[in-house]
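[1] Give me the fold of what follows.
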Amino acid sequence: MNIEGRIIGNRYEIIEKVGSGGMATVYKARDTILNRFVAVKVLRDEFTTDEEFIKRFNTEAQSAARLTHPNIVSVFDVGQEYNIYYIVMELIQGKTLKQIISEEGALPWKWTVNIAIQICSALEMAHKNGIVHRDIKPHNIIITEDGIAKVTDFGIAKAVSNSTITAFGTTIGSVHYFSPEHARGGYTDAKSDLYSLGVVMYEMITGKVPFDADTPVSVALKHMQEEPVEPIQLNSRVPAAVNEIILKAMKKDTSERYSSATNMMKDLSLALKNPSGNFVHQGTTGQFTKVIPTISENIVSENRYKSGDKENEVEQEEKKQNFISRYLEENPEKKPIVYIGIGIITIVLLSLILWGSIKIGQNWGDSGKNVQQEVVALQDFTSKDKEEAVKQIKELGYQCEVEEVYSDEVEEGKVISQIPVPGSEYNPKVNRPIKLTVSKGAKMVKMPKVKGLQIDEAIEELKKYELEVKEEREESNTVEEGVVIRQEIEENTEINAGTTVTLYVSKGPKKVSVASVVDRDIEEAKKILTESSLEVNVIYSEDTTKSNGVVLKQSLDVGSVVEEGTAITLTVNKIQELKEGTININVKSITGYKEPTTASTTDSKENTDGSDKDKDKEKETKTETKKPQNVKVMVKVDEETVYKQDVLENTENLNVTIKAKGVVQIKVYVSDVRYANEQMDMNSDNRVLNVKGQY
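    Got it, this is the predicted structure:
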């Protein structure tokens, strides 16, 4: 069921899904009345069809709502809307403890103890209020960004385990963290929570659960029947006191566990101060341990008895009775002798049993005294050489087991720890052999090459060499996101196993947010954008309503996130100025005008003195000149007439001055015939157009 965007309870606006589990789906929501963010846990449908469960759920959830503690996720409200059953809780920013263990593996022992103390404090508060969690596991523990542990789902697990849902496979929680009595289906109480906390500590400090198998039933049987491998054997850095606290919390017998969360919290606090101290009291029910069969064992035994075994006993008894009866029937005279013999044998057997009991009791008492007398305070063998420690143990007549582990803190051949711990009461006839954990020195490995691998692949590769990983993220314009750019330690370098290696991982190109530069001066806009590592391109446009030189628009949206080096185009306002240009028109060349030639004429006349002697004629020359005609000259700029005059057709240099801006189209007409159609860029230095000849 998707309820995102809905308002439930007339109050809680569902924003988004943030997680889901076997029992419920968790949503982030806003409390519209108090105007705060909350977490709303909505139960799955399979848990809402049982009226008995709903009744118990409401009761337990309301009880949990009364718990106020810094290590408990607060429950604000419980409600129902149609078939939606929900719980409103405090919204925690952080990770579950399970996520942290999955990401980091085994955690430092001090951090583990600090978290366990906080969980104990939460359990102490709940148990005092009569609330048992019954589902303590890393999934239900949230670690905030400040390192505070918050336990969630108080009371809800109880409602489930008490409901009519009885099938083992449908039990809420994880079988890996069940107490033996929970797995057996028996009575669970506060000590069951402490067992589960012991399992959680075990996983935190070793990186794995104590019992695992292919099926939940197999895991449950291991909880009931098997002892866990001690944490110190899986992680040599675990202090002896912390090891003993975990083992005590995980005792099969509830009487041997911590009696309360308060007592467990006291030992955890002491472990921080004295991690090697011998203060953890491993309680026992008596000198001998009684093995209590599991339900499955009882059922098998009972069935066997009811079937084959019982039949065999009856059959054997019948055979005995038939043999004696037949013998007496065949030999009736032997009846007195047989009866007397049976009586004598019975008396002898009873006498032997009585005598044996007396002797056994005497020996038991003597051995008990001897055993009591041999109890000693176990001395400290840690920090000694292995050979020296083993020799001393054998000289004392004790048995000894040695396990060698790598350690980068303890010198090779030295004893790291011992079990039982130094100072504890030890009886070699009763207690198990002394177990010494001896250092093999630091384990050396060669650093593999992980540069160029995806970070997940690099982590897996380093795990093969028992190396820890620390990630440092940085931007890169050349390496794909999630790929290792470089490694702190060069390949083939010999280092200690367990060393933390820093890997520098690409975050991809650096992302920047695009700022708004519209209406800013172009120089200021360029500065802002180049400081954000963006490439700036400029184009111009004219808007007479805006100032000259301001940005009119930008190609990337304001607030968009882009990679460094992305190009952004700015459209800048450019109001162009009027500038003068000159058009030189050679009208004479256009019209083809030619200068006129001189025409001479001669007239004869007689001499005035009447003399016939020289009757020559006098010559007189006359010159006629052709005058040039006017022609019409017109100049248009972008189809606008800027010049129109009549000029002589022999004009050689007609200079027409124009004023314009930008690139303009110039046309020149002479006698209505177009002789020029040219462009002139008024922004250029050369603003002269020469017009001559025919177009």
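[2] care to break this protein down by domain?
    1-91, 94-285, 376-439, 444-506, 511-573, 576-594+625-695 (automatic domain parsing).
[3] so which of those domains is the most packed in?
    Most buried of the domains of the chain by mean neighbour count (mean count of other C-beta atoms under 10 Å) is domain 94-285; its value is a mean of 19. Every C-beta, even on glycine, is put in place using the N, C-alpha and C of the backbone.
[4] Tell me how far that domain lies from the chain's centre.
    Centroid displacement of domain 94-285 relative to its chain, using C-alpha atoms, centre = their mean, to the nearest Å, is 24 Å.
[5] Over to stretch 571-590?
    Using C-alpha atoms, centre = their mean, the offset of stretch 571-590 from its chain centre is 68 Å.
[6] End to end on it, go ahead and measure it.
    45 Å (C-alpha to C-alpha, to the nearest Å).
[7] again with stretch 507-520
    33 Å.
[8] and what of stretch 141-151?
    Per C-alpha to C-alpha, the first residue of stretch 141-151 is 5 Å away from its last.
[9] List the neighbours of it that are in contact with it.
    70-73, 90, 92-98, 100, 115, 118-119, 122-123, 133, 136, 140, 152, 200 (C-beta atoms under 8 Å, 6 or more residues apart in numbering).
[10] Could you rerun that using 10 Å?
    Residues from elsewhere that reach stretch 141-151, judged by C-beta atoms under 10 Å, 6 or more residues apart in numbering: 67, 69-74, 89-90, 92-100, 111, 114-123, 125-126, 133, 136, 140, 152-153, 193, 197, 200, 204.
[11] if we can go back for a sec, kindly reformat the domains of the chain as a markdown table containing distance to residue 347 and mean pLDDT.
    Listed next are these as a markdown table, based on distance: least, C-beta to C-beta, whole Å; pLDDT from 0 to 100:
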| stretch | distance to residue 347 | mean pLDDT |
| --- | --- | --- |
| domain 1-91 | 63 | 83 |
| domain 94-285 | 39 | 85 |
| domain 376-439 | 38 | 83 |
| domain 444-506 | 73 | 90 |
| domain 511-573 | 101 | 92 |
| domain 576-594+625-695 | 139 | 89 |
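[12] could I get these as CSV with distance to residue 346?
    Shown next, in CSV, are the domains of the chain (distance: least, C-beta to C-beta, whole Å):
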stretch, distance to residue 346
domain 1-91, 60
domain 94-285, 38
domain 376-439, 38
domain 444-506, 70
domain 511-573, 98
domain 576-594+625-695, 136
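[13] quick revisit: strands - which of the contacts of stretch 141-151 land there?
    Among these, the ones falling in strands (DSSP state E) are 89, 90, 94, 95, 96.
[14] Would you verify that residue 456 is located in a helix?
    Yes: using DSSP: H, G, I helix; E, B strand; the rest coil, the assignment for residue 456 is a helix.
[15] residues contacting it?
    residue 482.
[16] rewinding a little: find the pair from the ones in strands among the contacts of stretch 141-151 with maximum spatial separation.
    The distance between the two most remote of the ones in strands among the contacts of stretch 141-151 (C-beta to C-beta) is 16.6 Å, for 89 and 95.
[17] how about residue 572, what does it touch?
    Residue 572 neighbours (C-beta under 10 Å, 6+ apart): 521-522, 525-526, 538-542, 546, 548-553.
[18] Select from these every entry located in helices.
    Of the contacts of residue 572, the ones assigned to helices by DSSP state H are 522, 525, 526.
[19] Name the SS class of the closest residue to the first one other than its chain neighbours, please.
    Among residues not flanking residue 522 along the chain, residue 572 sits closest, at 4.9 Å (C-beta to C-beta, 6 or more residues apart in numbering). Of the three states, residue 572 takes strand under three-state DSSP.
[20] Can you tell me which helices and strands the helix or strand hosting residue 243 packs against?
    Following DSSP states H and E, one finds residue 243 within helix 240-249. For helix 240-249, the packing partners by 3 or more C-beta pairs under 10 Å, 6 or more residues apart in numbering; DSSP states H and E come out as helix 109-128, helix 190-206, helix 231-234, helix 261-273, strand 415-419.
[21] For residue 687, which of these is the nearest?
    Comparing the helices and strands packed on helix 240-249 by C-beta to C-beta, helix 109-128 comes nearest, at 80.9 Å.
[22] and the next element down the chain from the closest one?
    Next element after helix 109-128 (DSSP H and E): strand 141-144.
[23] quick check, nearest of the ones in helices among the contacts of residue 572 to residue 592?
    Distances from residue 592 to these, taken by C-beta to C-beta, are shortest for residue 522, at 53.0 Å.
[24] so for the helix or strand containing residue 349, what's the average pLDDT?
    Element membership for residue 349 (DSSP H and E) is helix 335-373. What helix 335-373 shows for mean pLDDT is 60.
[25] need the next SSE after it, C-terminal direction.
    Next element after helix 335-373 (DSSP H and E): strand 376-377.
[26] can you give me how far that next one is from the chain middle?
    Per C-alpha atoms, centre = their mean, the centroid offset for strand 376-377 relative to its chain is 51 Å.
[27] Can you lay out the helices and strands packed on helix 240-249 as a markdown table showing distance to residue 80?
    Compiled in a markdown table, the helices and strands packed on helix 240-249 are given as follows (distance: least, C-beta to C-beta, whole Å):
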| stretch | distance to residue 80 |
| --- | --- |
| helix 109-128 | 24 |
| helix 190-206 | 28 |
| helix 231-234 | 44 |
| helix 261-273 | 33 |
| strand 415-419 | 53 |
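[28] right, and residue 537 touches residue 570 too?
    Yes: shown here, residue 537 and residue 570 form a contact pair, counting by C-beta atoms under 10 Å, at 7.1 Å.
[29] Need the overlap of contacts for these two.
    Joint contacts of residue 537 and residue 570 (C-beta under 10 Å, 6+ apart) are residue 555.
[30] can you tell me which of the helices and strands packed on helix 240-249 comes nearest to residue 428?
    Across the helices and strands packed on helix 240-249, closest to residue 428 is strand 415-419 (C-beta to C-beta), at 14.2 Å.
[31] need the next SSE after that closest one, C-terminal direction.
    Following strand 415-419 in sequence, per DSSP H and E, is strand 425-426.
[32] what helices or strands is that next one leaning on?
    Using 3+ C-beta pairs under 10 Å, 6+ apart, strand 425-426 is in contact with strand 376-377.
[33] which outside residues touch the strand it packs on?
    Counting by C-beta under 10 Å, 6+ apart, residues outside strand 376-377 touching it are 278, 396, 398, 422, 423, 424, 425, 426, 427, 428.
[34] Looking at the residues you listed, spot the one nearest residue 23.
    residue 278 (42.2 Å).
[35] residue contacts, the nearest residue to that closest one once chain neighbours are set aside?
    Leaving aside its sequence neighbours, residue 278 sits nearest to residue 423 (C-beta to C-beta, 6+ apart; 4.2 Å). If you count contacts by C-beta under 10 Å, 6+ apart, residue 423 has them with 276, 277, 278, 279, 377, 378, 379, 380.
[36] Look up how far residue 273 lies from residue 423.
    16 Å (C-beta to C-beta, to the nearest Å).
[37] Kindly list the main-chain dihedrals of residue 70?
    phi -60, psi -20 (degrees, to the nearest 10).
[38] Quick check, residue 207 in contact with residue 138.
    No: Residue 207 sits out of contact with residue 138 when judged by C-beta under 10 Å, with a separation of 11.6 Å.
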